[in-house]
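Trainee: no FASTA, just this:
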């Protein structure tokens with residue numbers, strides 16, 4: 001059975017000197033199970049992608065970050081089964097994760113990045129997530145070899161909707177159990193303000209959190 005996850009990608013920016021230095025990874029998964037390393041790379045990417053200078057005191061960095069109303073951060077939804085993975089492509093952002101849920105609810109396509117162009121196909125009660133543009137709309141001149149490389153992961157539509165709805169919980173629990181913990185050097189009021197903005201950036205609703 002296929003699974004989905006919220007991920008960030010390519011966090012290759014300068015890490016803050018006041019956080020533990022961690023090894024870069026191409027893809028990091030965000031959930032209650034995330035590590036402190038995932039949280040450091042999330043913060044690194046969040047600041048780097050949004051042009052926040054991390055060579056300052058933590059409170060100064062957080063204050064500038066909190067002042068931003070909208071952010072962009074490379075990543076999105078990862079679709080996987082036991083044998084295959086379809087990850088967000090270039091120019092796809094985690095901040096737009098809810099658009100994927102809305103697309104599945106209304107049986108529409110949605111932007112999942114380019115080169116390749118992951119796309120959605122609806123067949124009765126199933127959703128096929130293709131690794132590349134299955135319809136030929138975005139990539140009209142694919143070679144036969146490129147066509148043969150395309151693959152899909154299939155989900156029951158209702159099951160996929162439930163999995164996508166659970167992304168909200170994953171992102172909230174990532175904040176509580178991983179992200180907040182690596183920011184132990186800032187006070188609780190600042191972390192509370194950061195949570196409010198985090199929920200705004202990623203379109204999250206805090207309920208009994």
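Mentor: All right, it came through fine. Here the structure is a predicted model, which is why all the values come from computation and not from measurement.

Trainee: Contacts only, for the residue nearest to residue 54 when sequence neighbours are not counted.
Mentor: Residue nearest to residue 54 in three dimensions, not counting chain neighbours: residue 16, with 4.1 Å by CB to CB, 6 or more residues apart in numbering. Heads up, the C-betas are built off the backbone N, CA and C, glycines and all. Applying CB atoms under 8 Å, 6 or more residues apart in numbering, one finds that residue 16 lies in contact with 43-44, 47, 54-55, 58, 61.

Trainee: Specify the local secondary structure of residue 16.
Mentor: Secondary structure of residue 16, reduced to three states by DSSP: H, G, I helix; E, B strand; the rest coil: coil.

Trainee: And for the one 3 residues further on?
Mentor: Following three-state DSSP, residue 19 is assigned to coil.

Trainee: That one reaches residue 182, doesn't it?
Mentor: Yes - at 6.1 Å, residue 19 and residue 182 qualify as touching, with contact defined as CB atoms under 8 Å.

Trainee: Residue 61 versus the residue nearest to residue 54, what's the distance?
Mentor: Using CB to CB, to the nearest Å, one gets 7 Å for the distance from residue 16 to residue 61.

Trainee: Overlap of the contact sets of those two?
Mentor: When contacts are counted by CB under 8 Å, 6+ apart, residue 16 and residue 61 are jointly contacted by 47, 54.

Trainee: who touches the residue nearest to residue 1 when sequence neighbours are not counted in this structure?
Mentor: Counting by CB to CB, 6+ apart, residue 1 lies nearest to residue 81, which is 7.3 Å off, once chain neighbours are set aside. Applying CB under 8 Å, 6+ apart to residue 81 gives the contacts 1-3, 153.

Trainee: Quick one, grab the pLDDT at residue 81.
Mentor: The confidence metric pLDDT takes the value 94 at residue 81.

Trainee: Kindly report the same for residue 205.
Mentor: We have a pLDDT of 89 for residue 205.

Trainee: ok, now residue 138?
Mentor: The score at residue 138 is 66. That number is its pLDDT.

Trainee: Please name the residues that touch residue 202.
Mentor: Taking CB under 8 Å, 6+ apart, we find residue 202 in contact with 94-95, 97, 171.

Trainee: can you give me how far the helix or strand where residue 76 lies is from the chain middle?
Mentor: Secondary structure from DSSP states H and E places residue 76 in strand 75-80. For strand 75-80, the gap between its own C-alpha mean and the chain's C-alpha mean amounts to 7 Å (CA atoms, centre = their mean, to the nearest Å).

Trainee: by contact count, what packs against it?
Mentor: strand 3-9, strand 85-86, helix 97-106, strand 152-156 (3 or more CB pairs under 8 Å, 6 or more residues apart in numbering; DSSP states H and E).
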